[in-house]
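In: for reference, the sequence and a predicted model appear below.
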Amino acid sequence: MTNIRSFEIPTVMKHGLGAINALADEARALGMTRPLIVTDPGVVKAGLLDRAAARLRAADLSFAVFDGVAPNPPIALIDEGADTYRREECDGLIGLGGGSAMDTAKSIGVVAANGGSILDYEWASPQPIQRRIPPTICMPTTAGTGSEVTLWAVITDPQRKIKFNVGGTPLIGAWEALIDPELTFDLPPAVTAGTGMDALAHAIECYTCAYAQPLPDSTALLAMEYVAHYLRVAFAQGHNAEARYKMSMAAMLGALSYGTESAGAAHAMSQSAGGVHNVPHGALTARLLGPVMEYNFKGEPEKFARIAVAMGEDIRGLSLWQAAEKAVEAVMKLTEDVEIPSLQELGFGEDEIPMLAEIAYKDPQTIGNPRDLSLQSYVQIYKRAFELGRK
């Protein structure tokens, strides 16, 4: 059997400071006459919904609002949003917010176009999604998940205490990503740090996974460079336009690294653990990324050495293995510099390691990790992550 690889992104990407001013024109260009704005209470409180709504009103474009998005969106929330979409007779979606809001918007689109409940579309073979989502614009208000360009949404199943993936097909991709770095200026430093590290994790995991291919590799490397150069600055100076712009681009580039594939052990761990304790995905992923890299570097030493260069490390005169380890050190240092909380501070206990390891091992992102994984491997990585949190 011939193994044919593919890379496809259906999303038009538009970006610039003040891009929100073009929202009504972009919605109309996609044929929307009554979009549903999908957002969360934090975005509403920050005044960003008002800014978007003002642009639509000024252009006499009718719209409805679904502002009940919660972090790590559960099944019931998506199905409620899809009911709102139908009841309000909408014909398009605007996802305004972080990863949860954009994932919710895309997932509402899946249910609106295909029927049923979002639970019916848990990723499987054959692909359960058969129809493309309605015209959808994603506007990120954080710089991390890159959900504006991914072919995935992550949904929480409270019954099973897990998160599951929906997508892996261009049919779930937003029609347009409208990226305005100004929307990230007022993010708290902790959110800047967690989301920025999530962008880095996407890039590193996708660059080193078994599914890697040239085009996403190129976006992954530039994402790493941007995060290494600009995350500390954005963390320290929220209104630094250059740093915010580059971090918005890093989020987009890191997410493009995915293509139709998934990541590796760090995301297998953070997505499964995020179903146990409702904590910020970025901070959790960031805290696990260094220990996972420390475990993985033996599998792809050349790529880890290249990561070290992208992270700004000087590898001249080092052996391949020393250079690969420099990548691990650089990421662990960045994790500390942007004050990512420890697993303990995030509410996890070492007594949970056996359970956390087991659910991580069952996560589909275990497949494709650059080093073979066993249940014991996850126990080992979790122990190391807790150990680093005690320092």
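Out: Arrived safely, thanks for sending.

In: Y207 contacts E302, correct?
Out: No: applying CB atoms under 8 Å, one finds Y207 not in contact with E302, separated by 11.2 Å. (Each C-beta comes from the backbone N, C-alpha and C, glycine too.)

In: show me the residues around E339 that make contact.
Out: P189, A190, A193, F235 (CB atoms under 8 Å, 6 or more residues apart in numbering).

In: picking that back up, who has more neighbours, Y207 and E302?
Out: Just comparing Y207 and E302: by other CB atoms under 10 Å the higher neighbour count belongs to Y207, 26 against 10.

In: which non-adjacent residue is nearest that one?
Out: Closest residue in space to Y207, ignoring its immediate chain neighbours: A220 at 3.9 Å, by CB to CB, 6 or more residues apart in numbering.

In: low-confidence regions, the protein specifically.
Out: Counting by pLDDT under 70, the chain has low-confidence residues at 1-2, 260, 391.

In: could you pull out the helices for it?
Out: With helices called from DSSP state H, the chain shows them at 23-29, 41-45, 48-58, 75-87, 99-114, 189-208, 214-236, 241-256, 265-273, 281-296, 301-310, 320-337, 353-362, 375-389.

In: what would the ones you listed look like in JSON lines with distance to G68?
Out: Converted to JSON lines, these look like this (distance: least, CB to CB, whole Å):
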{"stretch": "helix 23-29", "distance to G68": "21"}
{"stretch": "helix 41-45", "distance to G68": "8"}
{"stretch": "helix 48-58", "distance to G68": "12"}
{"stretch": "helix 75-87", "distance to G68": "7"}
{"stretch": "helix 99-114", "distance to G68": "9"}
{"stretch": "helix 189-208", "distance to G68": "20"}
{"stretch": "helix 214-236", "distance to G68": "29"}
{"stretch": "helix 241-256", "distance to G68": "24"}
{"stretch": "helix 265-273", "distance to G68": "22"}
{"stretch": "helix 281-296", "distance to G68": "19"}
{"stretch": "helix 301-310", "distance to G68": "39"}
{"stretch": "helix 320-337", "distance to G68": "32"}
{"stretch": "helix 353-362", "distance to G68": "27"}
{"stretch": "helix 375-389", "distance to G68": "33"}
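
In: between the ones you listed, which one is nearest to I9?
Out: Closest approach to I9 among these is made by helix 241-256 (6.5 Å; CB to CB).

In: farthest-apart pair in the contacts of E339, please.
Out: Checking the contacts of E339 with CB to CB, the most distant pair is A190 and F235, at 8.9 Å.

In: neighbour count winner among the two?
Out: Remark: of A190 and F235, F235 carries more neighbours, 22 against 16, as counted by other CB under 10 Å.

In: list the contacts of M293.
Out: Contacts were defined as CB under 8 Å, 6+ apart; by that measure M293 touches I204, A266, F304, A327, V328, V331.

In: quick check: the fourth one vs M249, distance?
Out: This points to A327. 21 Å (CB to CB, to the nearest Å).

In: quick one: which of these two has more around it?
Out: The residue with more neighbours, out of A327 and M249, is A327; 29 against 21, by other CB under 10 Å.

In: wait, the more buried one touches P301, no?
Out: No: counting by CB under 8 Å, A327 sits too far from P301 to count as a contact (9.7 Å).

In: the spatially most distant residue from the centre of the chain and K303: what is the separation?
Out: Distance from the C-alpha centroid of the chain, by CA atoms, centre = their mean, peaks at G317 (35.7 Å). Distance of G317 to K303, given as CB to CB: 20 Å.
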